[in-house]
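S.K.: pasting the sequence and the predicted coordinates here, then a few questions.
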Amino acid sequence: MREPDSAGWDDYRFVLAVHRAGTVSAAARRLGVDHATVIRRIDRLERRLAERLFHRRATGYTATQAGLALAATADAVESAIIHGEAAVGRAASQLVGTVRIGTPDGFGSYFLAPRLAGLVERHPELDIELVATARLFSLSKREADIAIGLSLPPEGRIVGRKLTDYALKLYAAPSYLARHAPIRHRRDLEGHRFVGYIDDLLYSPELDYLHQVAPGAGARLRSANLNAQLQATVAGLGLAVLPCFMASWRRDLTCVLPDEVTLTRSFWLMMHADSRDLARIRAVAEHIYATVEAERELFAPAG
């Protein structure tokens, strides 16, 4: 069958996916096709244009100048499609499609996941993908439709709004406190074991807070995963700085120096400017806003 003379959106989306993902395998997953299809489509487009679009390296694909230009065009086409969907979506009474939420592991797993049931029940054709992990999400690369972060990005076509401030305090298991020297003042923290983050895997500077609580202290167990830190603390491994919304209600944890050790951080909800008006994305964002507002005391409990 004769190939069409000019490239169209179906060709451009392959270029855009490979540029954003950096590897053929990751692009294939995003596009819902196999690895060979992506390679074939990119090779065919390069032959048609008589231009090399990507440098092939062992670590992945890097766009050439021609590839960058084509990816920019594809991004503009995608934005136009999104705006068109948003216009139709305003008139639609039913929410249909998938919304991916990228969120820190603690907030996503402990707070948001159990509070999405009502939204899904109200909109049976709405699918939610909750990516709760310790990393930053690139909205410009469409890694998520909605991202929850600890700060706003310094640049980019991102719109954001603060969800809430949240408090962090120092916690330990009663079993740990019973086996170690009493802690009556901050100076008593010297010599105690701590649980915390792996320094070179910190994805946000807002998480580098252990030195604020106990200057000079180093964590004896380190994990990039906040849930793992919580479980290690519950098991009695040591002291940990934990968000109050995860720890304050637990009977197997004791708050240590509650009047002396309190930190405050913020959660921000962010969307790409091109997609924020899509009905399904707007509805999920409003649900998250409303849910956080209804339980705001959980993030900064008294006492």
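M.R.: Nice, thanks for sending it over. Numbering: from 1, shown residues only.

S.K.: any weak-confidence spans in this protein?
M.R.: When residues are selected by pLDDT under 70, those of the chain lie in 1-8, 78-94, 302-303.

S.K.: domains of it?
M.R.: 9-88, 92-164+266-298, 165-264 (automatic domain parsing).

S.K.: which parts of stretch 102-113 are buried?
M.R.: Under the neighbour-count criterion of 16 or more other CB atoms under 10 Å, stretch 102-113 has 102-112 buried. All C-beta spots, glycine's among them, are computed from the backbone N, C-alpha and C.

S.K.: just put those in a markdown table and tack on secondary structure.
M.R.: Formatted as a markdown table, these follow (DSSP: H, G, I helix; E, B strand; the rest coil):
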| residue | secondary structure |
| --- | --- |
| 102 | strand |
| 103 | strand |
| 104 | coil |
| 105 | helix |
| 106 | helix |
| 107 | helix |
| 108 | helix |
| 109 | helix |
| 110 | helix |
| 111 | helix |
| 112 | helix |
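
S.K.: among these, which pair sits farthest apart?
M.R.: 102 and 110 (15.9 Å; CB to CB).

S.K.: residue ranges of the helices in this protein, please?
M.R.: 9-21, 24-31, 35-49, 65-91, 105-106, 117-122, 174-179, 210-213, 226-234, 244-247, 279-294 (DSSP state H).

S.K.: just those: most buried one?
M.R.: Of all the helices of the chain, helix 244-247 has the most neighbours on average by mean count of other CB atoms under 10 Å, namely a mean of 22.

S.K.: from the contact counts, what lies against that one?
M.R.: strand 158-172, helix 226-234 (3 or more CB pairs under 8 Å, 6 or more residues apart in numbering; DSSP states H and E).

S.K.: convert the C-alpha atoms of the longest one to PDB, please.
M.R.: Yep, that's strand 158-172 we're talking about. What follows is strand 158-172, C-alpha atoms only, in PDB (Å, rounded to 0.1, in the frame of the first residue of the first chain):
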ATOM      1  CA  ILE A 158       1.600  25.100  34.600                       C
ATOM      2  CA  VAL A 159      -1.300  26.400  36.700                       C
ATOM      3  CA  GLY A 160      -1.300  25.700  40.400                       C
ATOM      4  CA  ARG A 161      -3.100  26.300  43.600                       C
ATOM      5  CA  LYS A 162      -2.200  25.500  47.200                       C
ATOM      6  CA  LEU A 163      -4.100  22.600  48.500                       C
ATOM      7  CA  THR A 164      -3.100  22.900  52.100                       C
ATOM      8  CA  ASP A 165      -0.200  23.400  54.600                       C
ATOM      9  CA  TYR A 166       0.600  20.200  56.500                       C
ATOM     10  CA  ALA A 167       2.500  19.700  59.800                       C
ATOM     11  CA  LEU A 168       5.300  17.200  60.400                       C
ATOM     12  CA  LYS A 169       6.300  16.100  63.900                       C
ATOM     13  CA  LEU A 170       8.800  13.600  65.400                       C
ATOM     14  CA  TYR A 171       7.400  10.100  66.200                       C
ATOM     15  CA  ALA A 172       8.700   6.900  67.600                       C
END
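
S.K.: how about the contacts made by the nearest residue to residue 252 once chain neighbours are set aside?
M.R.: If the residues on either side of it in the chain are set aside, residue 252 comes closest to residue 234, at 5.2 Å by CB to CB, 6 or more residues apart in numbering. For residue 234, the contact set (CB atoms under 8 Å, 6 or more residues apart in numbering) comprises 173, 250, 252-253.

S.K.: in CSV: those, plus neighbour count and distance to residue 22.
M.R.: Below are these laid out as CSV (neighbours: other CB atoms under 10 Å; distance: CB to CB, whole Å):
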residue, neighbour count, distance to residue 22
173, 21, 42
250, 15, 40
252, 13, 42
253, 21, 40
